[in-house]
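A.B. asks: Make a model of this:
(chains A and B)
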Amino acid sequence: MDSREIAAALEELIVRTSSSLPEDVEEALARARANAAADSSAALVLQTILDNIALARRLGTPLCQDTGTLAFYIGDALRGVVTPALVREAVAAATARGALRKNCIDSIDGTSYDSNCAAGAPVVHYVEGGGRRVTLLLKGGGSENMSRQYSLPDAALGAGRDLAGVRAAILDAVSRAKGYGCAPGILGVCIGGDRATGFEVAKEQLLRPLGDAAQDPRLAALESDILESANALGIGPMGLGGAPTLLGVKLAARARLPASYFVTVAYMCWACRRRSIEL
Amino acid sequence: MISLAYPFDEKTVRALHAGDGVSISGPLHTGRDKFHKWFADGKPLGIDLRDGALYHCGPVVVREGGVWRVVAAGPTTSIREEPYEAALIRECGVRLVIGKGGMGEATRAALAECGAVYIQAVGGAAAIYAATVRSVEGVDFLDEFGAAEACWHFTVEDFRGVVAMDSHGASLF
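C.D. replies: I've put the predicted structure just below:
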């Protein structure tokens, strides 16, 4: 593939990611719709979401107008091939087509970078052992504003430095997202690490398919416990009550310093736009 | 589903209750963070919002052959406008405030006082809401605020949501 073809493939990846939800997420939403009580707010919201997903896919238009922060995870075999410059070119082209909103604002003077390209935007990571795979994740501002980091112990939550404390912190993040992060959501969580890697690792968990479980059985058990507990909170789709509140919980752990115990929660809305291609 | 058509008069809106599903037809004006800040700074809005609908939304709109086409237009989080919304409702006579996530006590008081409601649209359902836009009547502040923050004037048909805060003090949040 020459650089023209790579840029075109990346542009196509952006358009498809913005307009088409991954199958596992759509299936989970369809199951939730089937289980919702007739004439409930949950049923109305979920049906609108499903109709929206189908319409956006058919038209090839953004399924959510907040086309979000673009995070590219590029396998290290593509280093020097899929360059940040090519990625930017594809982002600018996709923006010009209306597949992405002009969504990139200068934080000092408030002006718009109409190409969606600026220092640090889009975000590009090269992944060790990632082969020739390019994965794109779009995460909107409404959900990003609901991501949080806790430092244990947290007296207000009664959360100590153990898995019970971790659980309390994560469920607090779910409660605080009520109405704001577009539920039903998906959580990516990092237990431990430093503040910066906490957010990085938590966000990476959002790349996992809904059906998988953490390899560590202790984390896998906590994933299903939190999913079940969160769905018993009754927050429901768009916070209007009922179920589900979450579609998935994805945990990872990193070693920490003796002095630090961070629990970092990346909240993703139902519009979990992730997609991969092999180049 | 209760149908609401412009102008949204006080009697009709007072009859709505939290939890009611509504279908809105008529003019819809978008206004989000920069729009509200502009209002709070005492600058003229240049539009008549009386008995009208204000939508917290930053759409994707493209220009094709000299015509605006709305590509995506779901709601944005409303609580960011809480410092300004009560004054906007009182001074401008907005009757339907539409967004997502609900609003605070000051807005709830203004809705009750003025006979207005807050309507929850489905977050992220951008393609569905874009499809309700029959025409784009115009846009203000495009240069000042940028396309996502500009004040777009849509005419919509069958725009659906749920009354989340009514004019009697009830809220679903």
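
A.B. asks: Could you give me the buried positions within whatever helix or strand B:Asp143 lives in?
C.D. replies: B:Asp143 is part of helix B:142-145, with elements assigned from DSSP states H and E. Counting neighbours by 16 or more other CB atoms under 10 Å in any protein chain shown, one finds that the buried residues in helix B:142-145 are B:Phe145. Just so you know, the C-beta spots here come from the backbone N, C-alpha and C atoms, and that holds for glycine as well.

A.B. asks: Against which helices or strands is that helix packed?
C.D. replies: In terms of contacts (3 or more CB pairs under 8 Å, 6 or more residues apart in numbering or on different chains; DSSP states H and E), helix B:142-145 is packed against helix B:33-40.

A.B. asks: ok, residues contacting the strand or helix carrying A:Asn52?
C.D. replies: Secondary structure from DSSP H and E places A:Asn52 in helix A:41-59. Helix A:41-59 has contacts (CB atoms under 8 Å, 6 or more residues apart in numbering or on different chains) with A:19-21, A:26, A:29-30, A:32-33, A:36-37, A:62-63, A:236-238, A:240-243, A:270, B:19, B:21, B:72, B:122, B:124-128, B:131, B:160, B:162, B:172.

A.B. asks: Centre of the chain to that helix, how far?
C.D. replies: Counting by CA atoms, centre = their mean, to the nearest Å, helix A:41-59 is centred 19 Å from the centre of its parent chain.

A.B. asks: Next secondary structure after it?
C.D. replies: Note on helix A:41-59: by DSSP H and E, the next helix or strand toward the C-terminus is strand A:69-75.

A.B. asks: and the helix holding A:Asn52, which residues are buried?
C.D. replies: Buried residues in helix A:41-59, counted by 16+ other CB under 10 Å: A:41-46, A:48-50, A:52-53, A:55-57.

A.B. asks: Save those as CSV, and put in pLDDT too.
C.D. replies: Listed next are these as CSV, based on pLDDT from 0 to 100:
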residue, pLDDT
A:Ser41, 86
A:Ala42, 91
A:Ala43, 92
A:Leu44, 89
A:Val45, 92
A:Leu46, 96
A:Thr48, 94
A:Ile49, 96
A:Leu50, 97
A:Asn52, 96
A:Ile53, 97
A:Leu55, 96
A:Ala56, 96
A:Arg57, 96
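
A.B. asks: Tell me the pLDDT of B:Phe141.
C.D. replies: Listed pLDDT for B:Phe141 reads 95.

A.B. asks: Phi, psi for it please.
C.D. replies: Reported as degrees, to the nearest 10, the phi and psi values for B:Phe141 are phi 60, psi 30.

A.B. asks: contacting residues for it?
C.D. replies: B:Phe141 neighbours (CB under 8 Å, 6+ apart): B:Lys34, B:Phe35, B:Trp38, B:Glu149, B:Ala150, B:Cys151.

A.B. asks: I'd like the distance between it and B:Glu149.
C.D. replies: 7 Å (CB to CB, to the nearest Å).

A.B. asks: Stretch B:21-33 vs chain A: in contact?
C.D. replies: Yes. Contact between stretch B:21-33 and chain A is present through B:Gly21 (criterion: CB under 8 Å from any CB of the partner chain).

A.B. asks: who in chain B is up against chain A?
C.D. replies: Residues of chain B lying near chain A by CB under 8 Å from any CB: B:19, B:21, B:34, B:57-60, B:62, B:71-74, B:76-77, B:79, B:100-102, B:120, B:122-128, B:130-131, B:146-148, B:160, B:162, B:164, B:172-173.

A.B. asks: hmm, which of the residues you listed are the buried ones?
C.D. replies: Buried, going by 16+ other CB under 10 Å: B:34, B:57-60, B:71-74, B:76-77, B:79, B:100-102, B:120, B:122-128, B:130-131, B:146-148, B:160, B:162, B:164, B:172-173, out of the residues of chain B next to chain A.
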